[in-house]
Structures are given as C-alpha cells and as structure tokens.
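> Quick one: sequence plus predicted model below, questions after.
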Amino acid sequence: LQHGPLGLVDADLPVVAVEPNDELLEKLKSNLQEVRARGGELFVFSDEKISLEESEGVRVLRMPHVSEV
C-alpha cells in the first residue's frame, strides 16, 4: 500500500488481503498493521502455515498450503 490507497482506509472500509507464505510476507504484515492502525476491518486469506491470529477487526480465512512445483 502506498500513501494514496492507505489514505482511503477507515473504519467503514473493509480490506481483503491474500497472505501467501513467501518472501513478501513481512512487507504484507507491515501493510496489514497500517490498515489496523487506521481502523480498517481486515479479511485475510492466509496460508495455513502462517500464525496470524484473529482479533477484533481481523478475520482470518485459512487456505491450504501449496508448494511451488
């Protein structure tokens, strides 16, 4: 997320994210924290091997782990 889209996030904007278990995971976690700090509600499709926990405003939908071929 950059400054423009991040500026649109508030309590009335649900945000859907896909959280794969790859090299971009740490960057995505940072973006998710920014959304939460602005009061956005998160719906995260997460790899089952990632330990993201549900909390207020964060809904986690576990997806099966898929290995690259």
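Arrived safely.

> all helices of this protein, in order?
Under the criterion DSSP state H, the chain contains helices at 3-7, 25-37.

> Mean neighbour count, these: which tops it?
Burial of the helices of the chain is given as mean neighbour count (mean count of other CB atoms under 10 Å); helix 25-37 ranks first at a mean of 14. Where you see a C-beta, it was placed from the backbone N, CA and C, and this is true even at glycine.

> same for that helix, what does it pack against?
For helix 25-37, the elements it packs on are strand 14-19, strand 41-47, judged by 3 or more CB pairs under 8 Å, 6 or more residues apart in numbering; DSSP states H and E.

> Redo those as CSV? Include mean pLDDT.
CSV is the format used below for the helices and strands packed on helix 25-37 (pLDDT from 0 to 100):
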stretch, mean pLDDT
strand 14-19, 89
strand 41-47, 90
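
> Name the stretch among the ones you listed that sits most buried.
Among these, the stretch with the highest mean neighbour count (mean count of other CB under 10 Å) is strand 41-47, at a mean of 18.

> In this structure, where is pLDDT below threshold?
For the chain, the stretches with pLDDT under 70 are 1-3, 68-69.
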